[in-house]
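Trainee: This is a predicted model, with the sequence first.
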Amino acid sequence: MLQTKLFTRTKKEAPSDEVSKNAKLLIKAGFIHKEMAGVYSFLPLGLRVLKKIENIIREEMNAIGGQEVSMSVLQDKNLWEKTDRWEDQKVDAWFKTKLKSGTELGLGFTHEEPLTVIMKSFISSYRDLPKYVYQFQNKFRNETRAKSGLLRGREFLMKDLYSFHESEDDMLNYYDKTKDAYFKIFNRCGLDAIYTKAAGGAFTASYTHEFQVVAPVGEDTIFVCDQCRYAENKEISNLKEGDSCPLCKGKIKKEKSIEVGNIFPLGTKYSEPIGLTYKTEGGEERRVVMGSYGIGLPRLMATVVEVFSDERGIVWPESIAPFSIHVLVLGEDGEVFKKADKIYEDLQNKGIEVLYDDRHDISAGEKFADADLIGLPYRVVISERSLKEGGVEIKKRTEEKGKIINVDELMNLLVPRT
Ligand code: ATP
Ligand code: MG
């Protein structure tokens, strides 16, 4: 992508009411636009990151048998009354609206209810089970606090997976599979998540589990073992800092953390009121056992920004960076630009994702500052000096100093994305 064609530009300042580091950096670098508190639009660079995260999640969901759907945002009040999740006293996150006739509707904050209804018309026998269904879909939540940028949106993209089983055992078996898939997802996005025991909440029977990433900005507090990483959310925990770990000889530490995902054993909470049942081999009618599994994509993206950015800007892991290389051409228009244009084209033809700062009349300092702010994994500088020294100067975003390599080396350095 030519930077002269990109409609976004970096900004010196983020909106004055924006307090979170993730949103400040993402707005300044041109990844997102703030519509209002807790509501953000994704611009070309931001959308590329979101899509990469989405693809990683999709691969891992498909690998554990997930089938992708897309459910409606508009929700029928009658359905949510069946599960006692319509009243504001029960669920205060609803955004509610009305048809012209006056009939009330809600904007979905989660999707257990409508999916259970869908599955009712396809599941009737033990032969129809298990099934795993997921989607990427915008959720609407009337969050009280929306000061944390993408970490807590009022409208945000969620991956929600739901599983349907004959028995609790089968569900728990799958629960472990999703746990492994979640670790793969977070690792692939560069994050070190801690599997944390958490409270069941009003709509689940037993414990649930959260994936927590340690970060000072986190709204959660966890107690985590410094050896085996056993962890409990403070909300349910009797542990305290300095305790011995209940599982090993380690010491318990207290940390602030961000919940990037969670998994819930739902039991028959939804299948019972909605009437999702199946017939066993012996002809007995039983309730379907369910689980649900969520990840907020913008929250994951914001967590990466919170954890990896430095004083100069964002530091994207290669797996979710909007482009792999930022090519910068310095100096006057002429020979150097011609060389740089050619290198850009060759990289593109190789399938490497390149952002090419082909702007004229911009100082080297400004180009460097923008590259650091945007935070692509590699910066490649082409200037009269680099060409005299034998090629281009390459530097990782995480390195202080670059080195000169020749153009062939550059071409062989990066593997195209498949
Ligand atoms: P929290 O306790 O942070 O409000 P939650 O328990 O309400 O989260 P779920 O309803 O289980 O979360 O949603 C699944 C996932 O969606 C969460 O693990 C998180 O990654 C993400 N998520 C939840 N609320 C938001 C939000 N307001 N903005 C962005 N992501 C969110
Ligand atoms: Mg919440």
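Mentor: Nice, I can see it. Since we're looking at a predicted model, the values are computed, not measured. Numbers count the residues shown, from 1 in each chain. Ligands and ions are numbered 1, 2, ... in the order given.

Trainee: before we move on, what SS does the residue of the stretch 301-418 of the chain found nearest ligand 1 have?
Mentor: For the stretch 301-418 of the chain, the residue closest to ligand 1 is residue 302, as judged by CB to the nearest ligand atom, at 8.1 Å. Heads up, the C-betas are built off the backbone N, CA and C, glycines and all. Under the three-state scheme (DSSP: H, G, I helix; E, B strand; the rest coil), the conformation of residue 302 reads as helix.

Trainee: what's it in contact with, if anything?
Mentor: By CB atoms under 8 Å, 6 or more residues apart in numbering, the contact list for residue 302 reads 20, 22, 23, 26, 148, 149, 150, 151.

Trainee: For these, work out which two are farthest apart.
Mentor: Between any two of these, the greatest separation by CB to CB is 12.3 Å, found for 26 and 148.

Trainee: of these two, who's got more company?
Mentor: Between residue 26 and residue 148, counted using other CB atoms under 10 Å, the more crowded position is residue 26 (30 against 22).

Trainee: Tell me which helix or strand that one sits in.
Mentor: In this structure, residue 26 is located in helix 21-28 according to DSSP states H and E.

Trainee: Check which helices and strands that helix sits against.
Mentor: Using 3 or more CB pairs under 8 Å, 6 or more residues apart in numbering; DSSP states H and E as the contact definition, the elements that helix 21-28 packs against are strand 32-36, helix 297-308.

Trainee: Just say which of these is most tucked in.
Mentor: Per-residue neighbour counts averaged over each of the helices and strands packed on helix 21-28 give the maximum for helix 297-308, namely a mean of 25 (mean count of other CB atoms under 10 Å).

Trainee: what angle separates it from strand 32-36?
Mentor: Using axes from the mean of the first three to the mean of the last three CA atoms, to 10 degrees, one finds that helix 297-308 and strand 32-36 are set 120 degrees apart in direction.

Trainee: Any residues of this structure in contact with ligand 1? List them.
Mentor: Neighbours of ligand 1 within the chain, by CB under 6 Å from any ligand atom: 110, 141, 143, 152-153, 156, 158, 259-262, 294-296, 298-299.

Trainee: domain parsing for this protein?
Mentor: Per the record's domain assignment (automatic domain parsing), the chain is made up of the domains 21-308, 325-413.

Trainee: give me the low-pLDDT residue ranges for the stretch 301-418 of the chain?
Mentor: Segments of the stretch 301-418 of the chain classed as low confidence (criterion: pLDDT under 70) are 417-418.

Trainee: Show me where it has its helices.
Mentor: According to DSSP state H, counting those that start in this stretch, the stretch 301-418 of the chain carries its helices in the segments 335-349, 364-374, 384-388, 407-413.

Trainee: ok, back up a step: centre of the chain versus the helix holding residue 26, how much separation?
Mentor: Centroid separation between helix 21-28 and its chain, computed with CA atoms, centre = their mean, to the nearest Å, is 16 Å.

Trainee: what about residue 19, neighbour count?
Mentor: 12.

Trainee: before we move on, what about residue 164?
Mentor: Counted with other CB under 10 Å, the neighbours of residue 164 add up to 26.

Trainee: Show the contacting residues for the closest residue to it other than its chain neighbours.
Mentor: Excluding the flanking residues, the one nearest residue 164 by CB to CB, 6 or more residues apart in numbering is residue 131, at 4.7 Å. Under the criterion of CB under 8 Å, 6+ apart, the contact partners of residue 131 comprise 67, 119, 122, 123, 163, 164.

Trainee: what's the distance between the first one and ligand 1?
Mentor: When CB to the nearest ligand atom, to the nearest Å is the yardstick, residue 67 and ligand 1 sit 20 Å from each other.

Trainee: okay, now the nearest residue to residue 140 once chain neighbours are set aside: neighbour count?
Mentor: Take residue 140 and drop its neighbours on the chain: the residue closest to it by CB to CB, 6+ apart is residue 107, 3.8 Å away. By other CB under 10 Å, the residues close to residue 107 number 19.

Trainee: Just grab the bridge partners of residue 107 for me.
Mentor: For residue 107, the beta-bridge partners are residue 74, residue 95 (DSSP bridges).
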